[in-house]
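Undergrad: Following is a predicted model, sequence given first.
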Amino acid sequence: MTVVYDANVLYPNALRDLLIRLAQTDLIRARWTEQILDEMFRALSRTRSHIPASKHEKLRSLMNASVRDCLVTGYEPLIAGIDLPDPDDRHVVAAALRCRADLIVTFNLGDFPDDKLTDLSVSAISPDDFLLDLIGLDTKVVWACIQQIVDSRTNPPASIDDVLGQLERSGIIEATAVLRIS
């Protein structure tokens, strides 16, 4: 399954970390564009202005290097033919069409209405529902990715509860609840 991550799901740190780690597994093939990353970094700059631009560029490089074939290019000519409530989101759909994605993972489902996407053979899904689907496909892989996040956090150390709490605060409510009982 090929998915395009919208900027808003790449913004929260724990969710971004989990989505990237899941993209490194055989469960999904994740894609994004430099334009999507630009949006994410603009949001980070607005809310975390104390973080220097050099750290943003390092994160961009790490993200692009960590997921094989993640960058979608050549989607720009498709933008003009896409009709959405917010024209600024057309590039996300264009990228999904260009890479033949099955899903767009986004918090902004209202910006990607089914009636506009059905004929394009792509659907939008919330990150919570997306993670629920992946848990249903292979709970062990999702848990392994969460454990990798815990293991990578050493200063300060984090626990599974810490990471699940961060995901909850990011809006991943149902998937987190399922993970807590599984």
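TA: In hand now; what should we look at?

Undergrad: partners of the closest residue to residue 23 other than its chain neighbours in the sheet?
TA: Of all residues beyond its chain neighbours, the one nearest residue 23 is residue 30 (3.4 Å), with distances taken as CB to CB, 6 or more residues apart in numbering. All C-beta spots, glycine's among them, are computed from the backbone N, C-alpha and C. Here residue 30 shows beta-bridge partners residue 3, assigned using DSSP bridges.

Undergrad: was I right about residue 30 contacting residue 66?
TA: No - in this structure, residue 30 sits apart from residue 66 without contact. The criterion is CB atoms under 8 Å, and the distance is 10.0 Å.

Undergrad: quick one, which of the two is more surrounded?
TA: Counted by other CB atoms under 10 Å, residue 30 and residue 66 do not tie: residue 30 has more neighbours, with 24 against 13.

Undergrad: show me the contacts for the more buried one.
TA: Residue 30 makes contact with 2-5, 19-20, 22-23, 67, 70 under the criterion CB atoms under 8 Å, 6 or more residues apart in numbering.

Undergrad: And this protein, what are its domain boundaries?
TA: Annotated domains of the chain cover 2-126, 130-181 [automatic domain parsing].
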